[in-house]
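J.: A structural model of the following input is requested.
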Amino acid sequence: GQLSFIANERYRQQLADSAAGCIIVGPPLAAAAQARGACIVAESPYVYYARVTQLWKRHTSPGRPAGVHPSAVVHPGAQVDPQAWIGPLCVVEQGARIGPGTVLHSRVTVGENCRIGARCILHAGVVIGADGFGFAPTPEGWEKIEQLGAVQIGDDVEIGANTCIDRGALADTVLEDGVKLDNLIQIGHNVRVGRHTAMAACVGVAGSATIGAHCTIGGAAVVLGHLQLADRV
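T.: Alright, predicted model coming up:
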């Protein structure tokens, strides 16, 4: 009764040993999978598997209601779309905007004037729009540079738990549509992250770096300030 998948041919040897009721495979493994038993042949087994998990969740999990949890604090000057969900203990500051279908899990903070698009998912503890790290040295100490920008987040963005995205110093920090961020990531002020770029846990991106579209950045990598990464790096 179990379903499995093989997304990489290097696991071919394990195919015959699997006791799964059905296995999702790509065309190169179709014959071997059919000889073993029931299978689903898909051009991209991993994508097919992803869609199966979505189907399963729709059938087994109750839909999340739209609205604002009673323990959340939403400033009267913020705009929350009626189709969004603001979870327990969240804070949405003045001038912030939350788009339709967006979900803020518990303890998410969205700072003043920050904008989040449609169908985004922000996991527990995310902070959007804390001050960027800007201080001018003087003989007596550090002089704070006020961070006058905000954060713009596009549609279909997912941000992992306890990730922080700083507001810009003058212009905004920007995450374009479809960006996926893991847990414990730091995005500095005035960074721009291109469409459909994904970053694994503990990545740090320093201020004013520009990262292209469809990039993938592995765990604990660091991108220094003012650097530019081309698309698909």
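J.: now what about the lowest-mean-pLDDT helix or strand in the chain, what contacts it?
T.: In the chain, no helix or strand scores lower on mean pLDDT, DSSP states H and E than helix 12-15, which sits at a mean of 92. Contact with helix 12-15 is made by Ile6, Ile23, Val25, Leu29, Ala32, Ala33, Arg36, as judged by Cβ atoms under 8 Å, 6 or more residues apart in numbering. Yep, even glycine has a C-beta here, placed from its N, CA and C like the rest.
J.: Give me the next element, helix or strand, following it.
T.: Going down the chain from helix 12-15, the next helix or strand is strand 22-25, by DSSP states H and E.
J.: neighbouring contacts of whichever helix in the chain runs longest?
T.: Taking DSSP state H as the criterion, the chain has its longest helix at helix 45-60. With contact meaning Cβ under 8 Å, 6+ apart, helix 45-60 is reached by Leu3, Phe5, Ile6, Ala7, Ile24, Val25, Gly26, Ile40, Ala42.
J.: number of nearby residues for the third one?
T.: Other residues within reach of Ile6, judged by other Cβ atoms under 10 Å, total 23.
J.: next one: Ala35
T.: Applying other Cβ under 10 Å, we find 10 residues neighbouring Ala35.
J.: And the host helix or strand of it, what does it pack against?
T.: Ala35 is part of helix 30-36, with elements assigned from DSSP H and E. Packed against helix 30-36 by the contact rule (3 or more Cβ pairs under 8 Å, 6 or more residues apart in numbering; DSSP states H and E) you find helix 12-15, strand 22-25, strand 39-41.
J.: can I assume Val157 is in contact with Gly178?
T.: Yes. Between Val157 and Gly178 there is a contact at 6.8 Å, judged by Cβ atoms under 8 Å.
J.: Return every residue with contacts to both of these two.
T.: Residues touching both Val157 and Gly178 (Cβ under 8 Å, 6+ apart): there are none.
J.: More neighbours: which of those two?
T.: Taking Val157 and Gly178 together and counting by other Cβ under 10 Å, Val157 has the greater number of neighbours (24 against 17).
J.: if I look at the residue lying farthest from the centre of the chain, how far off is Ile145?
T.: Here the chain reaches farthest from its C-alpha mean at Pro139, the gap being 41.1 Å by Cα atoms, centre = their mean. Pro139 sits 17 Å away from Ile145, going by Cβ to Cβ, to the nearest Å.
J.: Please apply the same query to Ser71.
T.: Distance, Ser71 to Ile145, using Cβ to Cβ: 34 Å.
J.: Which one's more surrounded, the two?
T.: Using other Cβ under 10 Å, the more surrounded residue of Ser71 and Ile145 is Ile145, with 15 against 12.
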